[in-house]
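Asks: I would like the atomic coordinates for the input below:
(chains A and B)
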Amino acid sequence: MVNRRYGYLHECKWPLEAIDMHHVVVRKSNAKGFFVYLSALIVVANAASYLFLVKDKSIIILLWGFLMSVLLVKVMFWNRVMKESVVVMPTFGVQLETHYASGRIVHRFIPIGKILKPVLLECVSPVTCYWSLSLLLHGEAELTLVLKDLRPPVKMLIPIWKALCDASDIKEFSDSWKDAN
Amino acid sequence: MADQKHRILMVSDFFFPNFGGVESHIYYLSQCLLKLGHKVVVMTHAYGNRSGVRYMTGGLKVYYVPWRPFLMQNTLPTVYGTLPIVRTILVREKISLVHGHQAFSTLCHEALMHARTMGYKVVFTDHSLYGFADIGSIHMNKVLQFSLADVSQAICVSHTSKENTVLRSGLPAEKVFMIPNAVDTAMFKPAPERLGNDEIIIVVISRLVYRKGADLLVEVIPEICHLYPNVRFIVGGDGPKRVRLEEMREKHSLQDRVEMLGSVPHAHVRSVLISGHIFLNSSLTEAFCIAILEAASCGLLTVSTRVGGVPEVLPEDMIVLAEPDPSDMVRATGKAISLLPNIDPQQMHNRMKKLYNWHDVAKRTEIVYDRALKCPDQNLLERLSRYLSCGSWAGKIFCFVMIIDFLLWRLLQLWQPTEEIEGVPEFTLPHHQDEEIISNFNKDQSLG
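Replies: Numbering: from 1, shown residues only, chains lettered A, B, ... in the order given. Sure, this is the predicted structure:
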């Protein structure tokens, strides 16, 4: 399942097919890369032109320009989320993973007994509306987002939601969503 | 009556949990439209922590958009800032028509503007009367002229309000419909046992502000208490003029005859009304006045100032009108006291059930929607010609604003194509206890 920004992949891990893995992958955006590198180039060009026009300033300005460009590229690329995964291990728990472009992976494990209910919510921001998948946990007042950084379309969230409902033994609403669709 | 079902987006800065005439109008109209089979979604701004999507009785979906109110519950006017969220809601809910409420709502005007840019049909309901002379009214009327220049149809809540809106906005009168408000007679019922006439209780429930005639009350109450020793007052409501009423009470030693309740939640209004015989309304301006409908539905005889649309609301035997002058109001109150033995609260309530009915309001509004959807589609150039007629300078500014809005909309379509905005699936709500309340409300509304 793919759209312009995201791809969805579902796999069952060998040798235990009971382990259910759902991946939401960010597709490469050429436009974004182009704008980031263009911005970095503009910063460096500005620093260089300032240096050459105002000759009595030191080369430190150009070095600062390079540093700012490197930081810009780092922030925009290295800390970018490449993939978020949900690993459902029935009767055991759910592992939420966030994979970054730098290779760093952040894991969070939630025992199955702690999950009260997985919920699909409509979120409203000042400029848009989107769907999010969250977990209601026992003893916690706040919802836990399953996909923290990515906002895939609801058609990609539904199979993850159903898998979480099945794992935490909640049947009623997964059927009503199926009817609605 | 058409069989075509509409998908309506109601937009206003004024909605629950805030309480007032506009808020209850939107709520009750939406409930009745849902009952008629239409799909209704409400868009308003966030109230404190109430932000995001909420569902109300009957599956009424409300978008509390996190734009902070900045003045008198109005969203900060950014002109183009709400374009993305309005577009997203219109597309994902598959809206066919946008219905804006209240001339003083910035969110309403912006949403109507964006909806017209995107080619949707729009309907506007004006709930208030405005002046022509002061600087605030002049600017407000210009904004209204801009907003209504391109509206499909408009609705006003009284004939007076219609005349006022037509004069202020320059809208052709044939485009403006008059559909009055109504009252939930299932909620506002008379007391089971009729009150004795030994002590006459006059009830006042309103915001204690200048516009609602709180200064008149300060003059009227002591005079009535002096002339009629068996009269007592119950004053519900709060506001900046409360201090003046408290001072009046102290000055004339009326603590045992004037009871100040403070702010009264709407759920408790009926219990306050049924403790009285007469309802006193001293508003200086009112397009309609739902409060006197509620009072009449509870079986109270109404004394009111003859302002705005008030004379159109109740039959002559249910209301005593007075000029907004203390002596005339005292005279009218005296007349109402003498008429009290002839008043039958239950009979009054039954008449109100026949006269005012939210289902009737919804059916009439449906006709307006059908008429609006039959209006021809117009492209940008045809619409711009309407804005040019708004004034020599204002017309050009309005055209410029609309052109920029159009360009921003096209840019938004490139950035986020319509196909990428997912539609919201339709849900069937499970049975729940609210259904009994809705069933009683609808049964009561359809009787008579």
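
Asks: Domain parsing of chain B, as residue ranges.
Replies: The record's domain parsing of chain B by automatic domain parsing lists B:7-182+B:358-443, B:200-355.

Asks: who wins for proximity to chain A among the ones you listed?
Replies: domain B:7-182+B:358-443 (4.2 Å; C-beta to the nearest C-beta). Every residue, glycine included, has its C-beta placed from N, CA and C.

Asks: on that earlier part again, tabulate the domains of chain B (a markdown table), appending mean neighbour count.
Replies: Output for the domains of chain B, formatted as a markdown table (neighbours: other C-beta atoms under 10 Å in any protein chain shown):
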| stretch | mean neighbour count |
| --- | --- |
| domain B:7-182+B:358-443 | 18 |
| domain B:200-355 | 19 |
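
Asks: Could you identify which of the ones you listed has the lowest mean pLDDT?
Replies: The minimum mean pLDDT among these belongs to domain B:7-182+B:358-443 (a mean of 89).

Asks: still on that earlier bit, let me have the domains of chain B in CSV, extended by distance to chain A.
Replies: Shown next, in CSV, are the domains of chain B (distance: least, C-beta to the nearest C-beta, whole Å):
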stretch, distance to chain A
domain B:7-182+B:358-443, 4
domain B:200-355, 26
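
Asks: In CSV: those domains, plus distance to residue A:109.
Replies: As requested, the domains of chain B are exported to CSV (distance: least, C-beta to C-beta, whole Å):
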stretch, distance to residue A:109
domain B:7-182+B:358-443, 28
domain B:200-355, 46
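
Asks: for these, which one sits closest to residue A:46?
Replies: domain B:7-182+B:358-443 (26.5 Å; C-beta to C-beta).

Asks: Give me the distance between that closest one and the centre of its chain.
Replies: 13 Å (C-alpha atoms, centre = their mean, to the nearest Å).

Asks: Please identify the helix or strand for residue A:97.
Replies: strand A:93-100 (DSSP states H and E).

Asks: what's the following helix or strand after that strand?
Replies: strand A:105-111.

Asks: Pull out the buried positions in that next one.
Replies: residue A:110 (16 or more other C-beta atoms under 10 Å in any protein chain shown).

Asks: Give me the helices and strands touching it, please.
Replies: When contacts are defined as 3 or more C-beta pairs under 8 Å, 6 or more residues apart in numbering or on different chains; DSSP states H and E, strand A:105-111 packs onto strand A:93-100.

Asks: CA atoms of the strand it packs on as CSV?
Replies: The C-alpha trace of strand A:93-100 is given here as CSV (Å, rounded to 0.1, in the frame of the first residue of the first chain):
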residue,chain,number,x,y,z
GLY,A,93,3.3,-7.2,24.1
VAL,A,94,3.7,-4.5,21.4
GLN,A,95,7.0,-2.9,20.4
LEU,A,96,7.0,0.5,18.8
GLU,A,97,10.1,1.4,16.8
THR,A,98,11.2,4.7,15.2
HIS,A,99,14.0,4.4,12.7
TYR,A,100,16.0,7.6,11.9
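
Asks: Please enumerate residues in contact with that strand?
Replies: If you take C-beta atoms under 8 Å, 6 or more residues apart in numbering or on different chains as the criterion, strand A:93-100 is touched by A:78-89, A:105-112, A:114-115, A:135, A:146, A:148-149, A:164, A:167.

Asks: In helices, which of the residues you listed fall?
Replies: Using DSSP state H, the subset of the contacts of strand A:93-100 located in helices is A:164, A:167.

Asks: any idea how far stretch A:9-29 is from the chain center?
Replies: Averaging C-alpha positions (C-alpha atoms, centre = their mean) puts stretch A:9-29 15 Å from its chain's average.

Asks: Quick one: mean pLDDT for that stretch?
Replies: 78.

Asks: Please point out which parts of it sit buried.
Replies: Quick answer for stretch A:9-29 (16+ other C-beta under 10 Å): A:19, A:20, A:21, A:22, A:23, A:24, A:25, A:26.

Asks: and the direction of the helix or strand harbouring the third one versus that of strand A:93-100, what angle?
Replies: The reference is to residue A:21. Under the criterion of DSSP H and E, residue A:21 resides in strand A:20-26. Counting by axes from the mean of the first three to the mean of the last three C-alpha atoms, to 10 degrees, strand A:20-26 lies at 20 degrees to strand A:93-100.

Asks: Restricting to C-alpha, output strand A:20-26 in CSV.
Replies: C-alpha atoms of strand A:20-26 as CSV (Å, rounded to 0.1, in the frame of the first residue of the first chain):
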residue,chain,number,x,y,z
ASP,A,20,3.1,-9.5,13.3
MET,A,21,5.1,-6.6,12.0
HIS,A,22,3.7,-3.4,10.4
HIS,A,23,6.0,-0.9,8.8
VAL,A,24,5.2,2.6,7.7
VAL,A,25,8.0,3.9,5.5
VAL,A,26,8.7,7.4,4.4
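
Asks: ok, the strand holding residue A:97: who's next to it in the sheet?
Replies: Next to strand A:93-100 in the sheet, as set by DSSP bridges, lie strand A:81-89 (antiparallel), strand A:105-111 (antiparallel).

Asks: For that strand, what is the distance to the chain centroid?
Replies: Centre-to-centre, strand A:93-100 and its host chain are 10 Å apart (C-alpha atoms, centre = their mean).
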